[in-house]
Structure formats: structure tokens, C-alpha cells
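Q: Predicted model and sequence below, questions to follow.
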Amino acid sequence: MPAAINDAPNSDEIPDLDPDRSALFLDFDGTLVDLVDTPDGVSVPPDLSGLLDRLHAALSGRLALVSGRPIKDLDSFLPGFPGPVVGGHGAEIRVNGSTERHPFAGSDAFTDIRIRATRIAEDHPGTLLEEKATGFGVHYRRNPADQPALEQALQAIIADHDDLELHQAKMALEIKPASVNKGAATRTLMDHFSARHGIFMGDDASDEAGIEEVQSNGGFGIKIGDAPTVARHRLPDPVASRALLKRWHITLSGAETP
Ligand SMILES: O=P(O)(O)OC[C@H]1O[C@H](O[C@H]2O[C@H](CO)[C@@H](O)[C@H](O)[C@H]2O)[C@H](O)[C@@H](O)[C@@H]1O
């Protein structure tokens, strides 16, 4: 778990990318865009898609999104993103237009959990059930006092399923396949890219596995926000993340503006 907290105050201390060997892995919520009250309420800056497209080209394609969201959400927020996309914390991976999905998607267990999680959410006013392709999120940002009761009820419904786990996200409890995580997904994509220098940017506990993966192979992680982390670098918020992406694009491309 967390080895050290890095207090790097701004992006000037973060190294530039290497155009020939860096591979960049980006979380979405809390890293590229601000957290808001509901999953559907996210606001995507109008210049973000274009910036990611240009960075993708400047890195010869070695840029991926690695999110807890389903891939279809990422497609709607960042339409046309050209690189690989990981959804469901690693339970879905799309590379070159071909998607692999954990078998929990569409299974009898998935249907069972949906029915029981729906009842639990209905029993706790102010909570919101988010159905994803490979899991569920129960959001309690509008009713944080119910977290302990929700956790107990959700633990009970996954207890019958060996390959499921309950993940504590930001103001949400998520049911996901236990065998997937962002570290394994990042390793898969590092192999796909034939890259040896990975950079992972993320804000949440599930991003730590991706950060550990790149740092164990000579790269570095950047934690967004002030939570404990193993990352070597830190930025305060998504505004600073996007500023760093712009700086990287300028240095990679030689352009004067991003
Ligand atoms: O891995 P990420 O891309 O960071 O996705 C993590 C989860 O993000 C979303 O939930 C979070 O953001 C919501 C919108 O700002 C916020 O309302 C919620 O409290 C946060 O937990 C998303 O809804 C989940 O599916 C993702 O797993």
C-alpha cells in the first residue's frame, strides 16, 4: 500500500515524455474531468478530445484511457478517441476496434446482482444505481450517512459469487470482477505498445495498481488530488492534469500552442 506521499506542487517538476518510448495511461473521472454529483453530470471541456487526439499522434499511438467507466460512456464523453480504451477497471478492453469483455457481462450472476442491487438502492433514498457492462456502482454522494449499511448489504449479495468484489470508490461502492484491475490492464497495453516507459495518471484507489505497474518498470505515476499514493508525482486537480497534457504536447510536437 502507500509507500510515500509526494508533495510535488506543480507540473514543472514532472519530466517530459519521450517521443520514442513513452506510453501514457489516463484515468477519466477526477483526472481528466472534475467529479460531480452524478455519473451523467460530467462536463467535458470542449478542447479535450482534440488535445488527446494530438497527443495520441505525437506518441505514435501509445496513449490509452483506463477507467472504471464502461467503454460506452467513454465513447460518449470523448467520441472518436483513437487509442485503446479500458473500461470497468479492466473488465473491458478495446484495442484496434476489437473489444474483450469479462464473462460476468450478461451472465446469470449479473442478472441476479442487478435485481438485488436495485432493491438495495431503492431502500436507501438518495442513492443511485449505475449499471455498467461488467459491474455496478451504487452512488451515495447525496446520502453519505448510508455508506456502512450499503456496504453491508452489497457484501451480502456478492458473497455467493467467488469472482466478484466490492470496490470502495469515491462516494460509491462498486461491484466488479475480482480478477480484473487497472494494473493488469496497463501491463496488457504496455505489451501491446511494446513500450518500456509507462506514465499513469489517476486520482482514485483503483488507479494505484496502474501506477505501481508503470513504476515497477521504470516509468512514473502522477496522483491527482491529495489522497495517499505510491505515485512519484502529484497534481492538485483535473485543471492541472489538462495543463500538463498541453505542456507535453507542446514539447513533443514543437508547436507553440497545444
Ligand atoms: O476510473 P475512473 O475513470 O476515474 O472512473 C471511476 C468511477 O467514476 C465515476 O464515478 C465517480 O465520478 C462521478 C462523476 O463525477 C461521481 O458522481 C462519483 O461520486 C464518483 O465515484 C463513474 O460513475 C464510475 O462508474 C467509475 O467507476
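A: Yes, it's here.
Q: All the strands of this protein, in order from the start?
A: Taking DSSP state E as the test, the strands found in the chain are 22-26, 63-66, 85-87, 92-95, 98-101, 128-132, 135-139, 164-169, 172-177, 197-202, 220-224, 233-235.
Q: do the first one and the ligand meet?
A: No: counting by Cβ under 6 Å from any ligand atom, no contacts exist between strand 22-26 and the ligand, the nearest distance being 8.7 Å. From N, CA and C alone the C-beta is placed, and that goes for glycine too.
Q: ok, now the third one?
A: No: on the criterion Cβ under 6 Å from any ligand atom, strand 85-87 is out of touch with the ligand, staying 8.8 Å away.
Q: on that earlier part again, I'd like the strands of the chain written out as TSV, with mean neighbour count added.
A: Converted to TSV, the strands of the chain look like this (neighbours: other Cβ atoms under 10 Å):
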stretch	mean neighbour count
strand 22-26	26
strand 63-66	27
strand 85-87	27
strand 92-95	22
strand 98-101	12
strand 128-132	18
strand 135-139	24
strand 164-169	18
strand 172-177	23
strand 197-202	27
strand 220-224	25
strand 233-235	23
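Q: Glu151: neighbour count?
A: If you count neighbours by other Cβ atoms under 10 Å, Glu151 ends up with 15.
Q: if I pick the nearest residue to it once chain neighbours are set aside, what's in contact with it?
A: Leaving out its chain neighbours, the residue that sits closest to Glu151 by Cβ to Cβ, 6 or more residues apart in numbering is Leu173, at 5.9 Å. The contact partners of Leu173, taken as Cβ atoms under 8 Å, 6 or more residues apart in numbering, are Gly137, Val138, Tyr140, Gln147, Leu150, Glu151, Leu154, Leu166, His167.
Q: what's the closest of those residues to the ligand?
A: Nearest to the ligand out of these is Gly137 (Cβ to the nearest ligand atom; 4.5 Å).
Q: you'd agree the closest one is up against Asp40?
A: No: checked against Cβ atoms under 8 Å, the pair Gly137 and Asp40 is beyond contact range at 11.9 Å.
Q: Just grab the bridge partners of the residue nearest to Glu151 for me.
A: Val138, Gln168 (DSSP bridges).
Q: Gly83 reaches Gly61, doesn't it?
A: Yes: Gly83 lies in contact with Gly61 (Cβ under 8 Å); the separation is 6.4 Å.
Q: Looking at those two, which is more packed in?
A: More crowded of Gly83 and Gly61, by other Cβ under 10 Å: Gly83, with 23 against 15.
Q: Tell me which residue in this protein sits closest to the ligand.
A: Scanning the chain for the residue nearest the ligand gives Gly68, at 2.4 Å (criterion: Cβ to the nearest ligand atom).
Q: Convert the C-alpha atoms of stretch 243-258 to CSV, please.
A: This file holds the C-alpha atoms of stretch 243-258, laid out as CSV (Å, rounded to 0.1, in the frame of the first residue of the first chain):
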residue,chain,number,x,y,z
ALA,A,243,-2.3,21.8,-18.4
LEU,A,244,0.3,19.1,-18.2
LEU,A,245,-1.1,17.3,-21.2
LYS,A,246,-0.9,20.6,-23.1
ARG,A,247,2.7,21.1,-22.0
TRP,A,248,3.6,17.6,-23.0
HIS,A,249,2.0,18.1,-26.4
ILE,A,250,3.9,21.3,-27.0
THR,A,251,7.3,19.7,-26.1
LEU,A,252,6.6,16.6,-28.2
SER,A,253,5.4,18.4,-31.3
GLY,A,254,7.4,21.6,-31.2
ALA,A,255,4.2,23.5,-31.6
GLU,A,256,3.9,26.9,-29.8
THR,A,257,0.4,26.3,-28.7
PRO,A,258,-1.4,23.0,-27.8
